[in-house]
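**Student:** Build the 3D model from these lines:
(one chain, ligands or ions: 2)
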Amino acid sequence: MRTALVIGTGLIGTSAALALTGRGVTVHLVDHDPEQARTAAALGAGTDQAPAEPVDLAIVAAPPALVAGVLADVMGRRLARGYIDVASVKGGPRRELEARGLDLSAYIGTHPMSGREKSGPLAGTADLFEGRPWVLTPTRDTDTEVLNLALELVSHCRAVPVVMDADAHDRAVALVSHMPHLVSSMVAARLEHAEEAAVRLCGQGIRDVTRIAASDPRMWIDILSANPGPVADLLTDVAADLEETVRALRALQSSDEDKRREGGTGIADVLRRGNAGQVRVPGKHGSAPRAYETVAVLIDDQPGQLARIFADAERAGVNVEDVRIEHATGQQAGLVQLMVEPRSAAALTAALREWGWAIRQ
Ligand SMILES: NC(=O)c1ccc[n+]([C@@H]2O[C@H](COP(=O)([O-])OP(=O)(O)OC[C@H]3O[C@@H](n4cnc5c(N)ncnc54)[C@H](O)[C@@H]3O)[C@@H](O)[C@H]2O)c1
Ligand SMILES: O=C(O)C(=O)C[C@]1(C(=O)O)C=C[C@@H](O)C=C1
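**Tutor:** Residues are numbered from 1 along each chain as shown. Ligands and ions are numbered 1, 2, ... in the order given. The predicted structure follows:
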């Protein structure tokens, strides 16, 4: 691929454009708000000048409800050899395009399974998709050349291509993205009117559970409106679990010993099933989750501290597999948790301690 056109230069469009530009592709950027395209261009994602001739691949990264209309427009103007969108839902946009009577041989619906709770070009990063699944939904009518262009994009973004049927995709993301998003919002909603004395105690647990609740509601209304059935079915199952759990907790309040035992069994059951589901969440690069050991380092909230820790880990010959940072409330300090292979943990701890880092258990 030599040239691409990104339409919608928000978080996803800018991230893809940054990755493509980094691999030598000439990327043209357009947005319904020209200021967003200018910002993406200023970040090094490409040029906001229109292409003089059709590009190899047009990537539509507009909000889900607008995707079919934008695609129909760019396909009608023959702006590219191949067309993809990156919307979080796949069945609806395809049906809308079919209803418009368009020839869809040059189109593939796609969905990178990576994002952030932040929107706009400033949130974009070239490595956003690295190691993440990127779903492609070709049909038997799809041009091979267009499928190859889409695969090249996925490869430039260092993502992992996964081919699926559009409706199967929508059912799958209802489980792994859309239902969890609503549950996160519902947990976060409990905090809206909570007492400050409670809210100030927020630790990492609630941060993990509520991060995605900070996402743009307009985008999520589009997503959920395009996939209501599968999400409602899953929430019905969650509601049944909630009911069981409330019953078990009430039983734990009982003065009757048998009832308390029953309650304990009910709670243990939901926690056990949670463990069993959680271990199925794939680890980094889609591989099976691995047990890493954590080396925890207390740092001052000063510029450059993180870069120095990573440089020291490299100096110690240890690969950091994952990292998590906890900011201590009201203090200029943070706890950096470096996840490493168990066999490297002792060596890294010793090296960092020797080089003056404050190691915490
Ligand atoms: N945010 C995520 O985590 C995530 C992850 C994977 C896929 N997606 C999908 O990617 C797409 C973009 O999401 P985002 O998070 O980048 O949103 P965003 O709000 O950051 O960016 C969307 C951009 O589209 C522009 N836009 C709106 N209408 C347009 C139009 N008619 N023509 C051209 N541009 C238009 C907006 O001005 C904005 O710059 C959505 O379809 C979303 O479902 C999002
Ligand atoms: O990590 C996040 O912030 C996301 O919400 C990303 C996430 C997800 O659910 O994994 C959200 C919606 C997208 O369609 C794809 C990815």
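**Student:** Around ligand 1, pick out the residues from the stretch 51-200 of the chain.
**Tutor:** 61-64, 66-67, 70, 86-88, 111-112, 115-116, 119-120 (C-beta under 6 Å from any ligand atom). Just so you know, the C-beta spots here come from the backbone N, C-alpha and C atoms, and that holds for glycine as well.
**Student:** Skipping adjacent residues, who's closest to whichever residue of the stretch 201-350 of the chain sits closest to ligand 2 in space?
**Tutor:** Proximity of the stretch 201-350 of the chain to ligand 2 (C-beta to the nearest ligand atom) peaks at I212, 4.5 Å away. Distances taken as C-beta to C-beta, 6 or more residues apart in numbering put S184 closest to I212, at 4.9 Å, once the chain neighbours are dropped.
**Student:** what comes up buried for whichever strand or helix holds that neighbour?
**Tutor:** Under the criterion of DSSP states H and E, S184 resides in helix 179-189. Within helix 179-189, the residues scored as buried using 16 or more other C-beta atoms under 10 Å are 179-185, 188.
**Student:** right, and the residue nearest to I212 touches A214 too?
**Tutor:** No: applying C-beta atoms under 8 Å, one finds S184 not in contact with A214, separated by 9.2 Å.
**Student:** which residues does the residue nearest to P180 when sequence neighbours are not counted contact?
**Tutor:** Leaving aside its sequence neighbours, P180 sits nearest to I212 (C-beta to C-beta, 6+ apart; 7.4 Å). Residues in contact with I212 (C-beta atoms under 8 Å, 6 or more residues apart in numbering) are 117, 180-181, 184.
**Student:** any idea how far I212 is from S177?
**Tutor:** 9 Å (C-beta to C-beta, to the nearest Å).
**Student:** Ok, A4 next?
**Tutor:** Where S177 is concerned, A4 sits at a distance of 26 Å (C-beta to C-beta).
**Student:** Which of these two has more residues huddled nearby?
**Tutor:** The neighbour count for A4 versus S177, taken as other C-beta atoms under 10 Å, is higher for A4 (28 against 17).
**Student:** Go through the host helix or strand of the more buried one and flag the buried ones.
**Tutor:** Here A4, judged by DSSP H and E, is contained in strand 3-7. If you call a residue buried by 16+ other C-beta under 10 Å, then strand 3-7 has these buried ones: 3-7.
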